[in-house]
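[1] Here is a sequence together with a model predicted from it:
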Amino acid sequence: MRVITLVLLISTLLLHPLAGRMEGQEKGKAMNVKKLTPVLLVEEVEPCVQFWAKLGFQKTVEVPEGNKLGFVILQKGDVELMYQSYASVEKDFSSNPLLTHKGPTFLYVEVENLEDTIAAVKGAEVVMPVRTTFYGSKEIGVKDPGGHMVTFAQMGVAPQK
C-alpha cells in the first residue's frame, strides 16, 4: 500500500462523523484529533521542497517515483505538511484519476516575524500584497511552486480600522 493511501485513509477515518464512535460510547462525544496534516498535490515535488527549506522545513520522509520524488513529508517543529506528485497519487486512485485534479489548496500559516518570512520567500509570486487586517494580523499571500496559495500571517499587530 502506498504512503498516501494510508495517510488519506487515516484522515478519512479521523474526520468522518462516525469515526471514533464505538458501541457503548456516549452519543455525540467528540473524538480527540491529535494531528491534521495537509497533503498538497503538485506536478513536481522538488521545487516545493526547496521553497519550504528556505523557511526552515526539513524533509523527514521521501518516496521516489522513478527518477523524481513522488511524495515527501516536510517538518519544522510540530508543523508538518506533505507533497505528492499527480503521477504518484493517480496510481493510488487509479479508479478515479480526475479526483486528483481539483483546484489549488489555500494554507494559512501563522509566523513569528513576517519580515523574516517575506525575505525567505523572496522571488515567490505575490498573490496578496502585505496588508494589516481588522483582526490584528499582518499578512502576505504567495503562490508556492506547486500553485498552492500560502498566506503567512503575523498576529498581534494593531488592527486596521
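    In hand now; what should we look at?
[2] Low-confidence bits of the chain, can you list those?
    Across the chain, residues meeting the criterion (pLDDT under 70) sit at 1-28, 97-98, 159-161.
[3] domain ranges for it?
    1-102, 105-161 (automatic domain parsing).
[4] Take the ones you listed and lay them out in a markdown table including mean neighbour count.
    For every residue, glycine as well, the C-beta is placed using N, CA and C. Below are the domains of the chain laid out as a markdown table (neighbours: other Cβ atoms under 10 Å):
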| stretch | mean neighbour count |
| --- | --- |
| domain 1-102 | 14 |
| domain 105-161 | 15 |
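[5] Please name the nearest non-neighbouring residue to the residue nearest to the spatial centre of the chain.
    Taking Cα atoms, centre = their mean, the centroid of the chain lies closest to P38, which sits 3.7 Å from it. Counting by Cβ to Cβ, 6 or more residues apart in numbering, P38 lies nearest to L81, which is 5.3 Å off, once chain neighbours are set aside.
[6] ok, now which ones touch K35?
    By Cβ atoms under 8 Å, 6 or more residues apart in numbering, the residues touching K35 are E80.
[7] same thing but 7 Å
    Neighbour list for K35: empty [criterion: Cβ atoms under 7 Å, 6 or more residues apart in numbering].
[8] tell me the secondary structure for it?
    Per DSSP: H, G, I helix; E, B strand; the rest coil, the secondary structure class of K35 is coil.
[9] now the helices for the protein?
    For the chain, applying DSSP state H gives helices covering 3-15, 46-53, 86-92, 114-120.
[10] what packs against the third one?
    Right, the one you point to is helix 86-92. When contacts are defined as 3 or more Cβ pairs under 7 Å, 6 or more residues apart in numbering; DSSP states H and E, helix 86-92 sits against helix 3-15, strand 68-76.
[11] right, and K54 touches G123 too?
    No: no contact is recorded between K54 and G123 when judged using Cβ atoms under 7 Å, the distance being 9.3 Å.
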